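Enquirer: coordinates for the following, if possible.
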Amino acid sequence: MRLALFQPDIPQNTGAILRLGAAQRVPVEVIEPCGFVWSEPRMRRAGMDYIDLASVTRHPSWQRFRDSRRERLVLLTTQAAVPFTDFAFDAADILLLGRESAGVPPDIHQEADARIVIPMASSARSLNVALAAAMVLGEALRQTGGFSALHGEEATNDGY
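Expert: The predicted model follows:
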């Protein structure tokens, strides 16, 4: 399982997702360009000391990312019909999250192997990308037994 961030805009969200990846031992792929300088202090503050524990691969472009990965690409989008709770995840899936400001372009929508949505109130436009990542990753890890690999580790339980 992997998380992939398409041209992230907000350093705090990227930091939070890197922290999520580190805590769950899920690699994070960052598809550039980012809308901020990578060393942005706000990103480091959001990720705190977990950033150094995260497995991060930065790709200079969408094409370089696609050339390096063959796993199934699952796009989280408000434009999908399949709720993430009805989707059958695979342990090798890459969960793709779009830009906070614009999602992903139509051509990348078409390249995704699957598109899933988080059901929410009709009055809501979308969720914060880090919250969406956590919700869907949690379900994907539950379905694929990804939490069991962490169960045997010495847990700290000092997080939330």
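Enquirer: mind checking the longest helix of the chain?
Expert: Scanning the chain for the helix with the most residues, using DSSP state H, yields helix 129-144.
Enquirer: helix or strand right after that helix?
Expert: Later in the chain than helix 129-144, the nearest helix or strand by DSSP states H and E is helix 146-151.
Enquirer: CA atoms of that following helix as PDB?
Expert: Only the C-alpha atoms of helix 146-151 are listed here, as PDB (Å, rounded to 0.1, in the frame of the first residue of the first chain):
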ATOM      1  CA  GLY A 146      -2.100  -4.100   7.000                       C
ATOM      2  CA  PHE A 147      -2.800  -3.300  10.600                       C
ATOM      3  CA  SER A 148      -1.800  -6.800  11.700                       C
ATOM      4  CA  ALA A 149       1.800  -6.100  10.600                       C
ATOM      5  CA  LEU A 150       1.900  -3.200  13.100                       C
ATOM      6  CA  HIS A 151       0.200  -5.200  15.800                       C
END
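Enquirer: got the buried residues for the longest helix of the chain?
Expert: By neighbour count on 16 or more other C-beta atoms under 10 Å, the buried set for helix 129-144 is V129, A130, A132, A133, A134, V136, L137, E139, A140, L141, T144. C-betas here are computed from N, CA, C, even on glycine.
Enquirer: my read: A16 touches A132, true?
Expert: No. Between A16 and A132 there is no contact under C-beta atoms under 8 Å: 11.2 Å.
Enquirer: what about the protein, any weak spots by pLDDT?
Expert: 40, 42-48, 151-160 (pLDDT under 70).
Enquirer: the same query, at a cut-off of 90, please.
Expert: The model of the chain has pLDDT under 90 over residues 11-12, 15, 36-54, 69-70, 101, 124-126, 147-160.
Enquirer: now V136: how far from V26?
Expert: Per C-beta to C-beta, to the nearest Å, V136 is found 11 Å from V26.
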